[in-house]
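1. predicted structure and sequence below. I'll ask about it afterward.
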Amino acid sequence: MNLPKIHSISKKILVALLGAFLSIFLLFHASANLCLLRHDGGAWYNAFCDFMKGNYVIKVLEIGLLASLLLHIVLALWLAITNKMARPKGYHKPQRSKTHTGSKLQVWTGILLLAGLIAHFMDFYFVKLGWVDGNLNFYEQAHEKFQIPHIAISYLIFFVVVWFHMRHGFAAIFQTFGLYNYKYGKAIEVLGIIYATVICLMFTAVVLGVYFGL
């Protein structure tokens, strides 16, 4: 199997930069979703979605976001494959370092996230593009989906996977740029846990709030 020659350090830096960008976007996305909990018949949320849908600058940014997501996934998998190819027989002694364990976890949580994102796009984004049938507005679409038990549970599980991916990815970003050390490492890990927890709790609050009619 022949893969294009790009230095592994370059791939790691790109994965880290894209991961940082996507992490910031998740905070924005989670904040916007909180509008679903307003008892205004969807006025705020639909207005926000209509603005995002009709603004050409936002459309360009949206394409950039999707490209960043796709590139992040491709580069991360590419990095995992090339690293595996570099040591096909594995190590004689199993590595038990936190970095090695976190890296393996990132690959598997990333694959699970990809599956979840495809389902999420089918539920919402592809409907907006007209690729999937849907006659409801954004607010109604979200309330319809999150009130179905198995879909609500699926999203809650998805958020748990997001938490694990972000929790390890946050520290990995700093590690890639040489900022993770004995002096600041613990603080970076705690900050990553807090950041991932806040974002995932915001998403979770929306699903539970809609499901229970809060």
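-> Thanks, I have the structure now.
2. okay, and the most centrally placed residue in the chain sits in which element?
-> The centre of the chain sits closest to V162, judged by Cα atoms, centre = their mean, with a distance of 5.9 Å. Element membership for V162, per DSSP states H and E: helix 149-176.
3. against which helices or strands is that helix packed?
-> helix 8-33, helix 98-120, helix 138-146, helix 185-211 (3 or more Cβ pairs under 8 Å, 6 or more residues apart in numbering; DSSP states H and E). All C-beta spots, glycine's among them, are computed from the backbone N, C-alpha and C.
4. worst mean pLDDT among these?
-> Note on the helices and strands packed on helix 149-176: helix 98-120 shows the lowest mean pLDDT, a mean of 75.
5. from A47, how far out is K53?
-> 11 Å (Cβ to Cβ, to the nearest Å).
6. wait, A20 sits on A171?
-> No: counting by Cβ atoms under 8 Å, A20 does not reach A171; the two are 12.0 Å apart.
7. who has more neighbours out of the two?
-> A171 (22 against 16; other Cβ atoms under 10 Å).
8. report pLDDT for the more buried one.
-> pLDDT, read off for A171, is 86.
9. for it, what are its contacts?
-> G102, Y180, G185, I188, E189, G192 (Cβ atoms under 8 Å, 6 or more residues apart in numbering).
10. how much space between W44 and A80?
-> Taking Cβ to Cβ, one finds W44 at 41 Å from A80.
11. what's the answer for N33, then?
-> Distance, N33 to A80, using Cβ to Cβ: 31 Å.
12. what's the answer for L71, then?
-> Distance from L71 to A80, by Cβ to Cβ: 15 Å.
13. the residue nearest to the centre of the chain reaches C200, doesn't it?
-> Yes: V162 lies in contact with C200 (Cβ under 8 Å); the separation is 5.7 Å.
14. against K84, how distant is the nearest residue in space to L117 that is not next to it in sequence?
-> In space, and not counting its chain neighbours, L117 is closest to L69: 7.6 Å by Cβ to Cβ, 6 or more residues apart in numbering. According to Cβ to Cβ, L69 stands 23 Å off from K84.
15. more neighbours: the two, which one.
-> Neighbour count, other Cβ under 10 Å: between L69 and K84, L69 has more, with 17 against 11.
16. pull the contacting residues for that one.
-> L69 touches L18, L22, L117, counting by Cβ under 8 Å, 6+ apart.
17. closest to H39 out of those?
-> Using Cβ to Cβ, L117 comes nearest to H39 of the contacts of L69, at 29.4 Å.
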